[in-house]
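Participant: next one to model:
(one chain, ligands or ions: 1)
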Amino acid sequence: MSCNIVVLASGSGSNLQAIMDQIADNKISGRISAVLCNRPEAYALERAKKAGIPTIVLDHKSFDSRPAFDKAMIEAIDPHKPELIVLAGFMRILTPEFCEHYLGRMINIHPALLPSYKGLNTHQRVLDAGESVHGCTVHFVTPDLDDGPNIIQAVVDVTSEDNAETLVNKVQQQEHIIYPQAVAWFAEGRIKMIDQRTTLDEKPLGETGYVVDSRT
Ligand code: GRF
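Facilitator: Residues are numbered from 1 along each chain as shown. Model (predicted):
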């Protein structure tokens, strides 16, 4: 059985690419039925078109309110009958109604070790705080921003040579490993959100989710 996926993106779409590549390699038992972007210039749209995936552009600026935009997204997404919504660098805060509508079947990737460093500018904030570890997290989406049970995290080290740019690269390399992994698990029915926790093969994961330690 192949999992029907809709991807939402706002930017370059490198995570979308990583997922498309693993679908093409039969490592994910799924298919992407549409890619929706809120920015008409997003490079993610080009990537989708190259792969022959239908694209939807809904420019949030042409809507009066956040609820109106989210309602239009639901109306555009639902005809595809997705089993999984993948937020791949989708830079919009979602309404509680939108999150509830896809509860348990919408996942996001965040460039930090959640629950630490929610929000924006994570790499600089990690450097400013003098942290020795950093990373990224895939989690189920619930109505609270960057909240919701963790599925998988990758941990990288932060050295005295790192700056915000090197951290972006280090963390993104890991994103491209753990996001396709999480999608593959979901597609195989191995991960579920039950009572605000993630289960992997029916066993509840701890707060961090499954941890991949990529420190050198
Ligand atoms: C990633 O760093 C992700 O963690 C964040 O947005 C970025 C998206 O990058 N949520 P891309 O568009 O997938 O290249």
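Participant: residue contacts, the closest residue to the ligand within the chain?
Facilitator: For the chain and the ligand, the shortest gap (C-beta to the nearest ligand atom) falls at residue 89, measuring 2.5 Å. For every residue, glycine as well, the C-beta is placed using N, CA and C. Contact partners of residue 89, counting by C-beta atoms under 8 Å, 6 or more residues apart in numbering, are 9, 10, 11, 12, 13, 14, 15, 16, 44, 109.
Participant: phi first, then psi, for it.
Facilitator: Main-chain torsions, residue 89, degrees, to the nearest 10: phi 70, psi 40.
Participant: for it, which non-adjacent residue is spatially closest?
Facilitator: residue 11 (4.8 Å; C-beta to C-beta, 6 or more residues apart in numbering).
Participant: can you confirm that neighbour is in a strand?
Facilitator: No - under the criterion used here (DSSP: H, G, I helix; E, B strand; the rest coil), residue 11 is coil, not part of a strand.
Participant: circling back to that earlier point, okay, the contacts of residue 89 in JSON lines with distance to residue 157 next?
Facilitator: Below are those laid out as JSON lines (distance: C-beta to C-beta, whole Å):
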{"residue": "9", "distance to residue 157": "28"}
{"residue": "10", "distance to residue 157": "29"}
{"residue": "11", "distance to residue 157": "26"}
{"residue": "12", "distance to residue 157": "25"}
{"residue": "13", "distance to residue 157": "27"}
{"residue": "14", "distance to residue 157": "22"}
{"residue": "15", "distance to residue 157": "22"}
{"residue": "16", "distance to residue 157": "27"}
{"residue": "44", "distance to residue 157": "29"}
{"residue": "109", "distance to residue 157": "20"}
